[in-house]
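Colleague: Have a look at this fold, sequence not included:
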């Protein structure tokens, strides 16, 4: 049996008697892109919140690199390699792009190492900012960037940390078509050393990743898992997304 | 280029400010000099507030408590020295026959100074740990610090045999045998205060240089910092403790300059006045915090000398004005950016059409 990078085992989450997630089992391999889709209220973001340590599950466990991390606080998880990107770009607004990235380096190697090697780090910042088209914005404050640029900055900050698992919450939201294409290229690049788990609503964006696997969540349960073309023709998935009766028309039209 | 220019300007401002403060005793009466000594002792607390509020985004409206604790610690020593290390006047009035145990350590000036720093530091550390650990922040934290101010004022007024009650500690005579009433000594106390201000200003600058970005990151987006793998808890507690220590040192110098300390210096209003000074000077600017505090207290003296009733109303008006200006400033900046963006956007579109 292969070693999984992340194992979510028999995970349940309930609030005030309301079950949000029910017995979820999710296994991610190294260097995999996995999409998490489902209608509103399916529990996608809650599952992300539990994996990154924002909330604790009611039942079940999370194993990362063979270590149980179910009750580790969020900053420890970030240290061992699980980094999250939020739906609305979450950066340090009054700091410059460069200082945002320096902080990311500090979080990775520590303040002392950064101070000692500030020259090399500045060079690396210039290098990596080019991938995210931010090289001309390094001296701008983050609050003066456009929405898309801030999304890129947050991704760039995450990549500086060389994480093993990146959680992306609707990274395509609010981006133009070209920006989405660029984003898909960047995610493909990220995946070479990292596993990427993405919550996404936009199916066109999901289709940009041919090799990616998709997990469908509905009312707190996983109802299907597989490649996009398999999922598209799954009866249960079609029913969930479009309601009973209309499923066949939808499948034919696709 | 602009960074160099800014550095140069701040050097010039530093020279002008500290230079004129050094020259002050030569151009004004010893009465005013002593008042400026008082303002400067407040400005030490202001340096801490700039770091805590301006940089880290933690608004404490209870800094006067730490200020008061420092002041009381040294005040207790001075009071003992004035009473030949026996029972003080107010203790006799309250019918005490033996020096309370709490007062015994303060017979030694070094222990008094040490406790004057240690007690506020421990209090801030404990309060910081229990609130920040539970993720209590913003206005909720501010409210807790206000409660702290109320608690301490009530406690100090209530424990008259131990604290001197409403009157506090007064009638100090000498400090280490040197008369505090002497004009020359008063001038040297002013210079001592100024020297401490300069030293702590430099310490503040070093902290900003080293940790400034992390502190700003806590203010901007604490959650993001956690999800990057940096736990802000330690930084928040450390900066809160540091600001408490600065306030306590300010309090000690206040006692030397003013010659008294009472619970009215520990309450909510003095805490708000401290924050107000920082707000006037620009809250993310150490030098501005010092200037703002000196200016605010100077104005307070002038106004309350001539129109004693007006000060509190004016305080309220200035506080509202500052909040309004801050808010409108932010809006203004956003609007300007937006219009700029729109313009360039249009130009891009026109260029596209021309092609």
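Modeller: Alright, I've got the coordinates. The structure displayed is predicted, hence computed values, not measured ones. Residues are numbered from 1 along each chain as shown, chains lettered A, B, ... in the order given.
Colleague: give me the number of residues near residue A:33?
Modeller: When neighbours are counted by other C-beta atoms under 10 Å in any protein chain shown, residue A:33 registers 24. Any C-beta I mention is one placed from the backbone N, CA and C, and that applies to glycine too.
Colleague: List the residues that contact it.
Modeller: Residues near residue A:33 by C-beta atoms under 8 Å, 6 or more residues apart in numbering or on different chains: A:187, A:188, A:191, A:195, A:196, A:198, A:209, A:211, A:212, A:213.
Colleague: Which one of those residues sits in the busiest neighbourhood?
Modeller: In those, the most neighbours by other C-beta under 10 Å go to residue A:198, 25 neighbours.
Colleague: quick one: the helix or strand hosting that one near chain B?
Modeller: For residue A:198, the element it lies in under DSSP states H and E is strand A:195-199. No: using C-beta under 8 Å from any C-beta of the partner chain, strand A:195-199 never reaches chain B; the gap is at least 14.4 Å.
Colleague: counting contacts, what elements does that strand pack onto?
Modeller: Counting contacts by 3 or more C-beta pairs under 8 Å, 6 or more residues apart in numbering or on different chains; DSSP states H and E, strand A:195-199 packs against strand A:33-37, helix A:44-52, strand A:165-169, helix A:177-190.
Colleague: Pairing partners for the first one, with directions?
Modeller: By that I understand strand A:33-37. strand A:195-199 (parallel), strand A:213-218 (parallel) (DSSP bridges).
Colleague: Look at residue 80 and say how many residues are nearby.
Modeller: No chain was given, so I picked chain A. Neighbour count for residue A:80, taken as other C-beta under 10 Å: 15.
Colleague: sorry, should have said chain B
Modeller: Neighbours of residue B:80 under the rule other C-beta under 10 Å: 23.
Colleague: Ok, residue A:176 next?
Modeller: Using other C-beta under 10 Å, residue A:176 has 11 other residues around it.
Colleague: What backbone torsions are found at it?
Modeller: Backbone torsions of residue A:176, given as degrees, to the nearest 10, read phi -80, psi 170.
Colleague: How about residue B:229?
Modeller: Here the main-chain torsion angles of residue B:229 (degrees, to the nearest 10) amount to phi 110, psi 10.
Colleague: So it sits against residue A:163, correct?
Modeller: No: the pair residue B:229 / residue A:163 is not scored as a contact, 9.3 Å apart, by C-beta atoms under 8 Å.
Colleague: Distance check, residue B:285 against chain A.
Modeller: Distance, residue B:285 to chain A, by C-beta to the nearest C-beta, to the nearest Å: 14 Å.
Colleague: show me what contacts residue 90?
Modeller: Went with chain A since none was named. Applying C-beta under 8 Å, 6+ apart, the residues contacting residue A:90 are A:154, B:221, B:223, B:224, B:227.
Colleague: could you do chain B instead?
Modeller: Counting by C-beta under 8 Å, 6+ apart, residue B:90 touches B:160, B:161, B:164, B:165, B:167.
Colleague: again, 6 Å this time
Modeller: residue B:164 (C-beta atoms under 6 Å, 6 or more residues apart in numbering or on different chains).
Colleague: One more: the one 3 residues further on?
Modeller: In this structure, residue B:93 makes contact with no residue, judged by C-beta under 6 Å, 6+ apart.
Colleague: got it, and the one 10 residues further on?
Modeller: With contact set as C-beta under 6 Å, 6+ apart, residue B:103 has no partners.
Colleague: For chain A, which residues are neighbours of chain B?
Modeller: A:74-75, A:78-79, A:84, A:90, A:92-95, A:99, A:103-104, A:107 (C-beta under 6 Å from any C-beta of the partner chain).
Colleague: Now do the residue in chain B positioned nearest to chain A, the pLDDT please.
Modeller: Minimum separation of chain B from chain A (C-beta to the nearest C-beta) falls at residue B:229, amounting to 3.5 Å. Note for residue B:229: predicted pLDDT of 93.
Colleague: Can you tell me, leaving aside adjacent residues, what's nearest to it?
Modeller: What sits nearest to residue B:229 in space, not counting adjacent residues and going by C-beta to C-beta, 6 or more residues apart in numbering or on different chains, is residue A:78, at 3.5 Å.
Colleague: I'd say residue B:186 and residue B:32 touch.
Modeller: No: under the criterion of C-beta atoms under 6 Å, residue B:186 is not in contact with residue B:32, lying 11.2 Å apart.
Colleague: Looking at these two, which has the bigger crowd around it?
Modeller: Neighbour totals were compared for residue B:186 and residue B:32, and residue B:186 leads with 20 against 14 (other C-beta under 10 Å).
Colleague: This completes my enquiry, with thanks.
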